[in-house]
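Student: based on what follows, work out the 3D shape:
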Amino acid sequence: MFGNKDIPVYLFTGFLESGKTTCIQEVIEEGNFSDGAKTLFILCEEGEHEIDDQLLMANRISRVVIEEEEDLTEDACKELQGKYKPDRIVIEYNGMWNMETLYREILPENWFIVQTFTTVNALTYEMYSNNMKPLLTAHFQLSDLVIFNRCSDSLNKPAARRSVKAINRRAQVLFESEDGTVENNIAEELPYDIDAPVIKLEDDDFGLWYLDISEHPEKYAEKTICFKGQVYRNLTFPKDAFVPSRQAMTCCEDDIAKIGFMCHYPDAPDLATNSWVFVTVKVKVQKSRKHDEEYPVLYAEKVEPADPPAEELVYFG
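Tutor: Coordinates of the predicted model:
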């Protein structure tokens, strides 16, 4: 029955004037929707730029504008599906509307998001980051690709990239300069010597190391690392394991979580939960059974009592 047909959804998010419409237009012009299939384009925010009607018609794209958040409901989506009978859907979502509501309550069960793009205007990024960080974080958290556009030399690209990776390690991050040049390999200047016989992390280095080893575990394979962490254990862990963890603030004071990696140590059951330790570990890289990716696992060579760091929270900026 048609109503049960699975329909792929391409979601574009970002604040007003962040370049969402331009991004969608480029996707269309590159021929991604030129296969003859019918596309329903749901536009939830009209900015200065508008996609030409002729371009939409040439690619069998029907545009529907929904201006009010309360008008975008599951029933409304089903009505649009019945009217336009699309093979796929593109949604340009209003950056001020709730992302979780869209995912959990609005999209019909047979609408599945295959890719989420988030555009960020580099000229206004700092303002939104300072004043609307929870909303910006929600965009990063669910995105597959984050594009910083209109980038100038004044943008701290490594810091901007970290702000995304701290929220969503799997998101790809691109930087588009004002001249159209695109960068995706932003070199991160590490505050420690990764080629040293023993990599010694200062307390303030933990956040950057955590992101770097998460993204590039192969760089740390068989490396010996020393750092300070807080003992974390729970009933799901192997008997000989704990996590030398730190508490990280990824969004705001209400969004604090423990981060770290599983560490195998024969005397782990004797470690007091939440006590501070200084560990010397060897890094092994293992393959995930659920995901086709590698991840780091630590093997402790030495665990010693330690004093808490001067600043217990980890930041990624």
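Student: next up, the contacts around the residue positioned nearest the centre of the chain.
Tutor: The residue lying closest to the centre of the chain (CA atoms, centre = their mean) is Asn168, at 2.4 Å. Asn168 makes contacts with 140-143, as judged by CB atoms under 8 Å, 6 or more residues apart in numbering. No exception for glycine: its C-beta is placed from N, CA and C like everyone else's.
Student: one more time with 6 Å
Tutor: Going by CB atoms under 6 Å, 6 or more residues apart in numbering, Asn168 touches 140-141.
Student: just Glu301 next, same as before
Tutor: Here Glu301 is in contact with Thr280 (CB under 6 Å, 6+ apart).
Student: phi, psi for it please.
Tutor: Torsion angles at Glu301 (phi, psi; degrees, to the nearest 10) stand at phi -100, psi -30.
Student: pLDDT score for it?
Tutor: Predicted confidence (pLDDT) for Glu301: 97.
Student: what does the pLDDT read for the residue nearest to the centre of the chain?
Tutor: pLDDT recorded at Asn168 is 87.
Student: can you tell me how far it is from Asn149?
Tutor: Remark: distance between Asn168 and Asn149 (CB to CB, to the nearest Å) = 19 Å.
Student: ditto for Asp255
Tutor: Distance from Asp255 to Asn149, counting by CB to CB: 26 Å.
Student: settle it for me: which of these two has more neighbours?
Tutor: Asn149 (22 against 13; other CB atoms under 10 Å).
Student: helices along this structure, start to end?
Tutor: Using DSSP state H, the helices of the chain run over residues 20-29, 53-58, 74-84, 99-101, 125-131, 133-141, 157-165, 206-215.
Student: who's Lys200 bridged to?
Tutor: Beta-bridge partners for Lys200, by DSSP bridges, are Cys226.
Student: what count of nearby residues applies to it?
Tutor: Counted with other CB under 10 Å, the neighbours of Lys200 add up to 13.
Student: before we move on, what about Gly260?
Tutor: Considering only other CB under 10 Å, Gly260 is surrounded by 21 other residues.
Student: now do the spatially closest residue to it that is not a sequence neighbour against Glu215, distance only.
Tutor: The shortest distance from Gly260 to any non-neighbouring residue, by CB to CB, 6 or more residues apart in numbering, is to Ser245 (3.6 Å). The gap separating Ser245 from Glu215 is 19 Å, by CB to CB.
Student: between those two, which has more neighbouring residues?
Tutor: Between Ser245 and Glu215, Ser245 has the larger neighbour count (other CB under 10 Å), namely 21 against 13.
Student: can you pull up the bridge partners for that one?
Tutor: Counting by DSSP bridges, Ser245 forms beta bridges with Gln230.
Student: I'd assumed Lys228 was in contact with it.
Tutor: No. The pair Ser245 / Lys228 is not scored as a contact, 10.5 Å apart, by CB atoms under 6 Å.
Student: measure the residue nearest to the centre of the chain to Glu311 for me?
Tutor: From Asn168 to Glu311 the distance is 24 Å (CB to CB).
Student: mind listing what Thr39 touches?
Tutor: Applying CB under 6 Å, 6+ apart to Thr39 gives the contacts 33, 61, 86, 88.
Student: neighbours around the residue lying closest to the last one once chain neighbours are set aside, how many?
Tutor: The spatial neighbour of Arg88 that comes closest, neighbours along the chain excluded (CB to CB, 6+ apart), is Pro8 at 4.8 Å. Residues near Pro8, counting by other CB under 10 Å, number 16.
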